[in-house]
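Undergrad: Have a look at this prediction, sequence included:
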Amino acid sequence: MMKEKKIYFISGLPRSGSTLLCNILNQNPKFYASATSGILTIILGIRKQLSEMPAFKAAEDADAATRMMRGLMQGYYQNTDRSIVFDKSRGWSGHLESAAEMFGRENIKVLVPVREIPGVLASFENIWRKNQGHREIPQEMSNYYDFRTIEGRMATWMDKKQPVGGAYNSIRDAVHRGFQENMFFIDYEELTRNPARTMRMVYDFLEEEYYEHDFDNVEQVTNEKDEYYGFDELHIIRPKVEPLKRKSMEMLGSAGIKYAGLSFWNNDELGLLTNLNKSEKKERQ
């Protein structure tokens, strides 16, 4: 008999520490945090098919689709004996209504790794430069002339159909759709600077018993074949949790200034970051 898992979600910005977060969480013997998951795409495909199927629409069982989607997700994670699962996909922020339909709105908890947008763009610029000499990434194939300048590369990443712009818009819209109480924003700089305190806040949000993590020896147990995304070393983490020394604006130059004020999660009125995060940010300003 299938044993049901408690399922949480990880849905944040790219290049903002989600892979690091998953591997920290996986140190807890009760937790299973996935690599980038495709189960949401499968669930949405089934939802689409059911919506188009006359025989299904004519049936009287209105809850059948919800049971099927929930059962599919539970079955997908029978590959682990751990009782608590974190499904990682940037798509969840755009489909939290489906998550609520499956598990109940009150049970939806989403960890949202974020980072100042220039930092995200600088990380993409850095990894592009490392790959540029020996491969043409998918975005460059379809935006060749835009990719000839740093301004064009940043504009491409921020397009609504591309990794940064798409995730950014989905997260912002999820807040406007009223899911802010279900979302816990994890600032990348705070995670790397104060991992113990940040993770304690994560556990408080999840209402789970805290586990003493080893932030000096984070083993990478989530593995992805990054060549399928068109990059090398896209999801590789360092074993020790510590801040990066790279300065975003030095890499982006004046072209990055226009993206510096987009971090809506820093808005005190929205209350998306904890008081600890807010106070420490003010100290650094």
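TA: Everything's here; your move.

Undergrad: Tell me the helix or strand right after the helix or strand where residue 70 lies.
TA: Applying DSSP states H and E as the criterion places residue 70 in helix 64-76. Downstream of helix 64-76, the first helix or strand assigned by DSSP H and E is strand 84-88.

Undergrad: what does that next one rub up against?
TA: Contacts with strand 84-88, where a contact means C-beta atoms under 8 Å, 6 or more residues apart in numbering, come from 5-11, 18, 22, 25, 30-37, 39-40, 73, 77, 111, 208. C-beta coordinates here come from the backbone N, C-alpha and C atoms, glycine included.

Undergrad: what's the spacing between it and its chain's center?
TA: What separates the centre of strand 84-88 from the centre of its chain is 11 Å, taken as C-alpha atoms, centre = their mean, to the nearest Å.

Undergrad: just the angle between it and helix 64-76, please?
TA: Strand 84-88 and helix 64-76 meet at an angle of 100 degrees, taking axes from the mean of the first three to the mean of the last three C-alpha atoms, to 10 degrees as the criterion.

Undergrad: residues of stretch 107-118 that come out buried?
TA: Going by neighbour count (16 or more other C-beta atoms under 10 Å), the buried part of stretch 107-118 is 108-118.

Undergrad: how about low-confidence regions in the stretch 51-200 of the chain?
TA: Low-confidence segments of the stretch 51-200 of the chain (pLDDT under 70): 57-58, 60, 62.

Undergrad: those helices in it, which residues are they?
TA: 54-58, 64-76, 96-103, 117-132, 138-142, 150-157, 163-174, 188-193, 195-206 (DSSP state H, counting those that start in this stretch).

Undergrad: export those to a markdown table and tack on distance to residue 242?
TA: Converted to a markdown table, the helices of the stretch 51-200 of the chain look like this (distance: least, C-beta to C-beta, whole Å):
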| stretch | distance to residue 242 |
| --- | --- |
| helix 54-58 | 52 |
| helix 64-76 | 34 |
| helix 96-103 | 32 |
| helix 117-132 | 15 |
| helix 138-142 | 30 |
| helix 150-157 | 25 |
| helix 163-174 | 24 |
| helix 188-193 | 6 |
| helix 195-206 | 9 |
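
Undergrad: Minimum distance to residue 263: which of these has it?
TA: Among the helices of the stretch 51-200 of the chain, helix 117-132 comes nearest to residue 263, with 6.4 Å by C-beta to C-beta.

Undergrad: contact partners of the closest one?
TA: The contact list for helix 117-132 (C-beta under 8 Å, 6+ apart) reads 13-16, 115, 137, 140, 150, 153-154, 157-158, 163-164, 168, 188-189, 230-234, 246, 248-249, 251-252, 256, 259-260, 262-263.

Undergrad: Can you say which of these are buried?
TA: Among the contacts of helix 117-132, the ones that count as buried (16+ other C-beta under 10 Å) are 13-16, 115, 137, 140, 150, 153-154, 157-158, 163-164, 168, 188-189, 231, 234, 248, 251-252, 256, 259, 262-263.

Undergrad: all strands for the stretch 151-285 of the chain, in order.
TA: Secondary structure of the stretch 151-285 of the chain (DSSP state E, counting those that start in this stretch): strands at 183-187.

Undergrad: circling back to that earlier point, and the helix holding residue 70, what does it pack onto?
TA: helix 39-52, helix 96-103 (3 or more C-beta pairs under 8 Å, 6 or more residues apart in numbering; DSSP states H and E).
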